[in-house]
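Asker: This is a predicted model, with the sequence first.
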Amino acid sequence: MSFNLDSLLNEVSRGFSGIERQYGGKKAKEPPELTVHEFDNPDPVAPSALASINDAFRRAESDASIPGMKILSPALEEHGDATASGIHSLVGEYRDFDPDDREHAFGLVVHKSAGEVVWQIDYFADENCEEPATDPEDTHRSYRVLSIFSASEVESS
């Protein structure tokens, strides 16, 4: 199974409009347009500070020092707890970033039963997820949302 990367990125930038998300029992507002963050990194091989924060957030089962939440799409949740756990592990272990990737905020993994799974980290000002974060490197002034969904959900929307 494959997908068109431009189509996927367009869908992601529209805020996953086809995926219903729940936050604490209340429906969330759609996230704002994505913002591209430029960061200086003197070593082109070493990850940026933002990439390191995002890597730690993806890997952590629970880490209060990096505020945020992880959301699995309803289609992936239907696969059950064991599959969900496996998907979270694959996303946390992901290391196949392009050397020019300064954020480590997007990736694709393949799960043996769920197939191609796409994930993305978005940055918000707080847990209400209504405004974008102005400085995602500042974990005291930003809130991350790791959205994980099936690539087929993007293809069908």
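Answerer: Nice, I can see it.

Asker: Give the other helices and strands that the longest strand along the chain contacts.
Answerer: As assigned by DSSP state E, the longest strand anywhere in the chain is strand 115-124. Under the contact definition 3 or more Cβ pairs under 8 Å, 6 or more residues apart in numbering; DSSP states H and E, strand 115-124 sits against helix 5-13, helix 49-59, helix 81-93, strand 106-111, strand 143-150, helix 151-155. Every C-beta, even on glycine, is put in place using the N, C-alpha and C of the backbone.

Asker: one more time with 10 Å, if that's ok
Answerer: With contacts taken as 3 or more Cβ pairs under 10 Å, 6 or more residues apart in numbering; DSSP states H and E, strand 115-124 sits against helix 5-13, helix 49-59, strand 68-72, helix 81-93, strand 106-111, strand 143-150, helix 151-155.

Asker: what angle do the fourth one and strand 115-124 make?
Answerer: In this case it means helix 81-93. 60 degrees (axes from the mean of the first three to the mean of the last three Cα atoms, to 10 degrees).
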